[in-house]
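1. the following block contains a protein sequence and its predicted model.
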Amino acid sequence: MAGHNPLLAGLSGRCPNCGEGHLFDGFLKVAASCEACGYDLKKADSGDGPAVFVILIAGFIVAFGALFTEVAYHPPVWVHLIVWLPATLIISLAL
């Protein structure tokens, strides 16, 4: 237990307390407790906060990119759909 980095454990999806158990119980669902050390992970539930930041950041990037592309190149609407719809999905999942 002593000697592990809680930030690296969290980034790798492991318990920040012991670095062994799984942090997530699904795609974005935080586990109730660590299966290795029993650490209560429910207190780390952030609610809808991260979703708001993802929406704002991805929305800014896509809206700026689409507006810049429209002003600079004047492409047809189908080009915007082919470029910016997948970009929205990829950016949102990456964040």
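-> Everything's here; your move.

2. mind giving me the packing neighbours of the longest helix along the chain?
-> Ranked by residue count and defined by DSSP state H, the top helix of the chain is helix 49-73. On a contact count with 3 or more Cβ pairs under 8 Å, 6 or more residues apart in numbering; DSSP states H and E, helix 49-73 meets helix 77-94. For the C-beta atoms, the positions are set from N, CA and C on the backbone; glycine is no exception.

3. got a list of contacts for the helix it packs on?
-> With contact meaning Cβ atoms under 8 Å, 6 or more residues apart in numbering, helix 77-94 is reached by 54, 55, 57, 58, 61, 62, 65, 66, 69, 70.

4. centre of the chain to the longest helix of the chain, how far?
-> Here helix 49-73 is found 16 Å from its chain centre; the criterion is Cα atoms, centre = their mean, to the nearest Å.

5. what does that helix contact?
-> Contacts for helix 49-73 (Cβ under 8 Å, 6+ apart): 75, 79, 80, 83, 84, 87, 88, 91, 92, 95.
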